[in-house]
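1. predicted model, plus sequence, below.
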Amino acid sequence: MFYVSLLFIAISIGLLAFTAGHAVRRWWLARTERYASWMAVELGAMFQEMTVARAQRIITATVLGGLTFGFLLGDGPLGRTVAGVVLGLGGYFGPWAVVKYLRKRRLDQIDDQLVDALRMMANALKAGLSLQQALELVRREMKAPISDEFGTVVKEIHLGQLTDHALRRMAERVPLEDLGLAVDSILTLRETGGNLSESFQVIANTIVERKKVQGKVKALTAQGMAQGVLVGSMPIGMLLIFSFIDANYVRPLFTTVLGWVILAVVLILDAAGVLLMFKLVKVDV
C-alpha cells in the first residue's frame, strides 16, 4: 500500500509538472509571437528565410542560455538570481540587436552601391534603353544587396504592378534619403516629362560630393568620438583591473544590494555621459 501511494504521488507530481510546463510554454509562445513575427518580417525584407517558429526557438535559446550562464556566474543564491535575470534579459534583447545591426549594415551597403546603380541607369537610358530595361540591367549586373531590391521592383512590374507603385514600395523598404530622392525624381519626371538620364547623373554626383563632405566631418570628429569611448571605458577598465588585483575589492559590488545600486548608478551616468559627448561632436550633413 505504501509503494502504491508513492506511485500515485509520483504520477500526480508528474502530471502537475507537465500541466505547468505546458501552460508556461503556451504563455511564452504567446508572449514572443509578436517579437518573432517582427524578426521574420525584418529578415525576410533582407532576403533571409526565417519563420516565426524558428525565431521563437532562437529567442528561447538565447534567454535560457543567458539565464544558465548567469546562474553559473553569480555568487550565492541572490547573486545567481540577479545575474541570471540580467543575462536573461540580455538574451531576450540580443536577437533584436542582431537584427537591427544586420538591417543597418544592409542599408549602408545599398547606400554605397547607389551611385554606381544610378550611373549605370543613366548610361543605359542614354543608350536608348527604357526605364524598365535600365532597372533590369542593374538587377543583372550589380551585386547584392542592391540587385535584390531592383530585382524585386522588376518582378513586381512583370506581375502587373505599375512602375511608379513598385518604385514607391522600394523606397519604403529601403529608407535611404538618396534613394528616396532618386525615386521622387523618377516619378516627377515621368509625370511632367524630362531627361531621366541627366537627372540620375546629377543625383549621383550630388551623393558623391556629400559623401566627401561626410568623410571630412567624420575625420574632424573622430577625436571627440575617441575621447568619449576612452572616458566611458575607464570605469569598466578600473573595475577589471581591481578584480584582477584582488577580487575581494569588487566582490561587494556584486553580492550586496548597495553594490548593485552603485553599479546601476555608475552605468547609467557613464552611458549618459558617452551619449552626450557623441551628440556634441556629431555633425549632420
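-> That came through fine. Numbering: from 1, shown residues only.
2. give me the distance between R106 and G94.
-> 19 Å (C-beta to C-beta, to the nearest Å). For glycine as for every other residue, the C-beta is placed from the backbone atoms N, C-alpha and C.
3. comparing these two, which shows the higher neighbour count?
-> More crowded of R106 and G94, by other C-beta atoms under 10 Å: R106, with 20 against 17.
4. dump the residue contacts of the more buried one.
-> M46, P145 (C-beta atoms under 8 Å, 6 or more residues apart in numbering).
5. so where's the stretch 151-285 of the chain uncertain?
-> For the stretch 151-285 of the chain, the stretches flagged by pLDDT under 70 are 281-285.
6. quick one: contacts for the residue nearest to the spatial centre of the chain?
-> Centroid-nearest residue in the chain, with C-alpha atoms, centre = their mean: K100, separated by 0.6 Å. Not one residue lies near K100 by C-beta under 8 Å, 6+ apart.
7. using the three-state scheme, assign it.
-> helix (DSSP: H, G, I helix; E, B strand; the rest coil).
8. again, but for R251
-> Assignment for R251 (three-state DSSP): helix.
9. ok, it - how many residues close by?
-> 14.
10. from F242, how far off is it?
-> Per C-beta to C-beta, R251 is found 10 Å from F242.
11. with L129 instead?
-> Taking C-beta to C-beta, one finds L129 at 67 Å from F242.
12. ok, now E42?
-> Distance, E42 to F242, using C-beta to C-beta: 41 Å.
13. just E177 next, same as before
-> In terms of C-beta to C-beta, E177 sits 47 Å off from F242.
14. in stretch 243-255, which residues are buried?
-> Within stretch 243-255, the residues that count as buried by 16 or more other C-beta atoms under 10 Å are V250, L253, F254.
15. Throw the residues you listed into CSV and include distance to V115, thanks.
-> Output for the buried residues of stretch 243-255, formatted as CSV (distance: C-beta to C-beta, whole Å):
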residue, distance to V115
V250, 51
L253, 51
F254, 51
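16. of the residues you listed, closest to I58?
-> F254 (29.0 Å; C-beta to C-beta).
17. A222: how many residues sit nearby?
-> 11.
18. how much space between it and D108?
-> A222 is 18 Å from D108, by C-beta to C-beta.
19. what's the closest non-adjacent residue to N123?
-> Excluding its sequence neighbours, the residue lying closest to N123 (C-beta to C-beta, 6 or more residues apart in numbering) is S197, at 7.8 Å.
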